[in-house]
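Colleague: This is a predicted model, with the sequence first.
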Amino acid sequence: MIVVVGARGTIQNVDEFLQQLLGFSEEHHLVIQALDAKAVYGKDHLVSATEHAVRAFTQGRNAMNFLALELLLYAAGERQIQKAIKKMGVKRGKGQIAFVIIDKKKQSVKGKSFDRVVNTLLHTFQFVRDDKVLEGTKDTLKRFGIKQREIQTVSEQRYGDLILEKVALVDVIK
C-alpha cells in the first residue's frame with residue numbers, strides 16, 4: 001500500500017526531523033519518506049516513483065540500501081543522492097511537505113487505522129494536512145529541471161507526464 005499525504009509545517013532542524021521520522025517509521029512498521037512538496041507534481045509523481053523504487057528493490061537493482069532513499073532518487077529523477085536531496089529533500093523552516101507512506105507488509109495500515117497513523121504522524125511533527133501542496137504548476141516543472149522547450153511539447157493537462165518520464169528514465173540511466 002502506498003499513500004501520499006501533503007502537509008504544511010515548520011522544520012527547525014532537518015537532521016533531527018529525519019531521525020525522528022525514521023523512529024516513527026520503525027515504530028509503526030512503515031517506510032516513510034518526506035519530500036519538499038514544491039518539487040512534486042501530483043500524487044501520481046510520487047506513487048510512480050515509489051513503484052519504481054519498490055520494483056528496483058524486488059529485482060535487486062536498487063542503488064541505495066534503504067527503500068526511502070531509493071524512493072528519493074526516483075522521485076527526484078536523479079541517480080546521485082546529493083542531487084536528489086538538493087532537488088527534493090526537506091528544507092529547514094516553514095514549508096510544504098509531501099509524505100510518502102509505504103506499508104510493505106500490507107497489514108499494519110488499513111482503513112481507519114491508516115487515518116490514525118497519518119493523524120499521529122502530522123500531530124507528532126506539528127504539521128497540518130494540506131493535499132493541495134501536492135498540486136504541481138509550470139513552476140514546479142522548472143524547479144524539477146524541465147526546460148521550457150520540453151514544457152511546450154505537451155498540453156497543460158499532460159504536464160505531469162513530463163515528470164513521470166523523468167522518474168522512469170532513472171531505470172534507463174542505471
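Modeller: Everything's here; your move.
Colleague: rest of the way, CA atoms for contacts and neighbours
Modeller: Noted.
Colleague: Which stretches in the protein count as strands?
Modeller: 2-11, 31-36, 93-102, 128-129 (DSSP state E).
Colleague: Check which helices and strands the second one sits against.
Modeller: Read that as strand 31-36. Contact analysis of strand 31-36 by 3 or more Cα pairs under 8 Å, 6 or more residues apart in numbering; DSSP states H and E lists helix 14-27, helix 67-76, strand 93-102 as its packing neighbours.
Colleague: where does this structure have low pLDDT?
Modeller: Within the chain, the stretches with pLDDT under 70 are 104-112, 171-174.
Colleague: Kindly recompute the last result at 80.
Modeller: The chain contains residues with pLDDT under 80 at 104-114, 166-167, 169-174.
Colleague: Does Lys38 touch Gln96 like I think?
Modeller: Yes: counting by Cα atoms under 8 Å, Lys38 sits close enough to Gln96 to count as a contact (6.7 Å).
Colleague: Residues that sit against both of those two, list them.
Modeller: Val133 (Cα atoms under 8 Å, 6 or more residues apart in numbering).
Colleague: Spatially, what comes nearest to Gly160 if we skip its sequence neighbours?
Modeller: Tyr41 (6.1 Å; Cα to Cα, 6 or more residues apart in numbering).
Colleague: what residues are up against that neighbour?
Modeller: Leu134, Glu135, Gly136, Thr137, Thr140, Leu141, Gly160, Ile163.
Colleague: By neighbours, which of those wins?
Modeller: Tallying neighbours with other Cα atoms under 10 Å puts Ile163 at the head of the contacts of Tyr41, with 28 neighbours.
Colleague: That residue touches Val47, doesn't it?
Modeller: No: counting by Cα under 8 Å, Val47 is not a contact partner of Ile163; they are 11.8 Å apart.
Colleague: can the strands of the chain go into TSV with extra columns for distance to Arg149?
Modeller: Shown next, in TSV, are the strands of the chain (distance: least, Cα to Cα, whole Å):
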stretch	distance to Arg149
strand 2-11	29
strand 31-36	25
strand 93-102	28
strand 128-129	34
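Colleague: wait, which of these is closest to Glu70?
Modeller: strand 31-36 (9.9 Å; Cα to Cα).
Colleague: Val5 reaches Ala98, doesn't it?
Modeller: Yes: using Cα under 8 Å, Val5 is in contact with Ala98, at 5.8 Å.
Colleague: ok, these two, which is more surrounded?
Modeller: Ala98 (28 against 20).
Colleague: Show the contacting residues for the more buried one.
Modeller: Contacts of Ala98 (Cα under 8 Å, 6+ apart): Val4, Val5, Gly6, Ala7, Ala34, Leu35, Asp36, Ala37, Val40, Val133, Leu134.
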